[in-house]
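K.L.:
attaching a predicted model along with its sequence, questions to come.
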Amino acid sequence: MTKHFAFTILPLLYFVGLSQSYTHASTHEIALSFFEPLPAVMQGAEQDSAVLIELGKKLYFETALSINHSQSCNSCHNLNNGAAGVDHLPVSIGALASIGDRNAPTTWNAGLHVAQFWDGRVKTLTQQAKLPIFNAKEMAMTSESQVIERLYNQGYLAAFKRAFSKQLLPINIENIAHALAAFQRTLISKDRFDDYLTGDKGAINQSEKEGLRVFIEKGCVACHNGALLGGQLFMKMGIVHPYPNKKDKGKAQVTGNPADNYFFKVPSLRNILNTAPYFHDGAASTIEQAIEDTAWHQLGIKLNTQEVKAIKAFFNTLNNQKVAFPEQR
Ligand code: HEC
Ligand code: HEC
């Protein structure tokens with residue numbers, strides 16, 4: 001793996017070096033070779049009707065989807081008042097107060113990831129949405145009929161009939177998942193880095209630009225690139241220096257292949273300053289610690305205070321300017 005990694009990262013760094021010393025490429029040009037703006041629409045959203053999205057939004061906040069009516073999706077992926085789609089806990093706590101295994105990632109932009117969950121065990125938002133409802137450590141419902149009955153009693157039939165007009169029995173788990181996914185497909189963030197990438201070079205200030213250069217030159221871009229600055233590949237946590245927490249084997253728990261030990265989805269860094277704590281186990285409580293730790297574990301380097309500060313300044317340009325639904329809540 002280290003070998004494979006070297007093949008990936010070395011050409012990238014070589015390219016950066018070349019761009020800087022020989023062609024004097026601007027920061028903007030170099031940035032455009034690694035990053036791209038977020039798309040305006042998520043794949044699969046073309047067919048999402050307004051009534052389907054509306055239903056999905058309602059379900060996202062529906063506490064009747066948890067065994068003791070205590071928890072909705074929003075409890076762990078909070079979108080209220082411009083929140084970042086997380087719970088700010090190291091690991092999530094379920095409806096029945098059980099302590100979960102992992103840190104809750106944000107639902108913002110999740111549909112743009114190559115797969116869902118830290119270990120990528122399902123591909124799409126629709127496949128994902130069914131799981132928390134029946135997960136004993138999350139919403140803890142015990143059967144599909146129980147979920148259907150709950151929603152029926154909450155008066156959901158009319159809304160499901162509107163969203164799935166051709167179906168005789170529209171309240172079912174497939175349709176619940178479809179609606180939840182449709183709503184989440186609207187969660188595409190927007191930040192100053194997008195404005196910068198699309199051509200407004202003044203959208204980010206000088207110290208943020210310096211931070212962007214540090215982020216690129218140190219090699220963070222080898223894994224955190226593209227529109228999400230992550231979300232597209234799986235990498236071993238501890239590729240250079242082993243990660244101390246060995247409990248969670250990540251992707252290997254799905255594939256059963258020891259070669260996948262400690263592989264996790266490279267997280268997106270969009271809106272990263274607002275989603276603490278960090279890592280799959282929530283072990284890094286501050287962004288400074290997360291930056292230092294990844295530099296050490298993933299690149300084998302120790303960053304000085306100035307470099308950490310610079311990268312943090314760059315992250316400031318990734319703060320989401322959009323709210324989930326300005327018209328209510
Ligand atoms: C008890 C807290 C909790 C509840 C309730 C909950 N989630 Fe999550 N969610 C998590 C955690 C923790 C993960 C990461 C689990 C993992 O990777 O194994 C996650 C992962 C996800 C992801 C994957 C994101 C990514 O980047 O990989 C999506 C999407 C998601 N949840 C949506 C939902 C929806 C929709 C609901 C409601 C039906 C919901 N969640 C309910 C805690 C929760
Ligand atoms: C070899 C690939 C790789 C490189 C290089 C890399 N990272 Fe990461 N990064 C990851 C992976 C994988 C994770 C998730 C690790 C985990 O949770 O166990 C991660 C997590 C993070 C997180 C926490 C995100 C969250 O939501 O919890 C931050 C912040 C971060 N990286 C920043 C950086 C910075 C800054 C650099 C450069 C100094 C860097 N990364 C270099 C792969 C990489």
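P.N.:
Thanks, I have it. Ligands and ions are numbered 1, 2, ... in the order given.
K.L.:
so where is the chain shaky, pLDDT-wise?
P.N.:
1-23, 326-329 (pLDDT under 70).
K.L.:
tell me the residues of it that contact ligand 2?
P.N.:
218-220, 222-224, 235, 237, 239, 264, 266-267, 269, 272, 275, 278-280, 290-291, 294-295, 298-299, 311 (Cβ under 6 Å from any ligand atom). C-beta coordinates here come from the backbone N, C-alpha and C atoms, glycine included.
K.L.:
all the helices of the stretch 201-329 of the chain, residue numbers only.
P.N.:
Remark: helices assigned in the stretch 201-329 of the chain by DSSP state H, counting those that start in this stretch are 206-217, 252-255, 287-294, 305-315.
K.L.:
those: which one's closest to Ala129?
P.N.:
In terms of Cβ to Cβ, the element of the helices of the stretch 201-329 of the chain nearest to Ala129 is helix 252-255, at 18.3 Å.
K.L.:
near ligand 1, which residues of the stretch 101-250 of the chain show up?
P.N.:
Residues of the stretch 101-250 of the chain lying near ligand 1 by Cβ under 6 Å from any ligand atom: 102, 104-105, 107, 110, 113, 116-118, 125, 128-129, 132-133, 138-139, 180.
K.L.:
buried only: go through those residues for me.
P.N.:
102, 104-105, 107, 110, 113, 116-118, 125, 128-129, 132-133, 138-139, 180 (16 or more other Cβ atoms under 10 Å).
K.L.:
which of those residues fall in helices?
P.N.:
Filtering these for membership in helices, criterion DSSP state H, returns 125, 128-129, 132-133, 180.
K.L.:
closest to ligand 1 out of those residues?
P.N.:
Nearest to ligand 1 among those: Pro132, at 3.4 Å, using Cβ to the nearest ligand atom.
K.L.:
quick one: the closest one and Ser75 touch, right?
P.N.:
No: counting by Cβ atoms under 8 Å, Pro132 does not reach Ser75; the two are 10.1 Å apart.
K.L.:
now the common contact residues for those two.
P.N.:
Residues touching both Pro132 and Ser75 by Cβ atoms under 8 Å, 6 or more residues apart in numbering: none at all.
K.L.:
can you pull out the strands in this structure?
P.N.:
Along the chain, the segments classed as strands by DSSP state E run 234-236, 263-265.
K.L.:
mean neighbour count, those: which tops it?
P.N.:
Each of those was scored by mean neighbour count; the highest is strand 263-265, a mean of 24, by mean count of other Cβ atoms under 10 Å.
K.L.:
how far off centre is it?
P.N.:
How far strand 263-265 lies from its chain's middle: 12 Å, per Cα atoms, centre = their mean, to the nearest Å.
K.L.:
need the residues that contact that strand.
P.N.:
Strand 263-265 is contacted from outside by 113-115, 117-120, 230-231, 233-237, 250-252, 280, using Cβ under 8 Å, 6+ apart.
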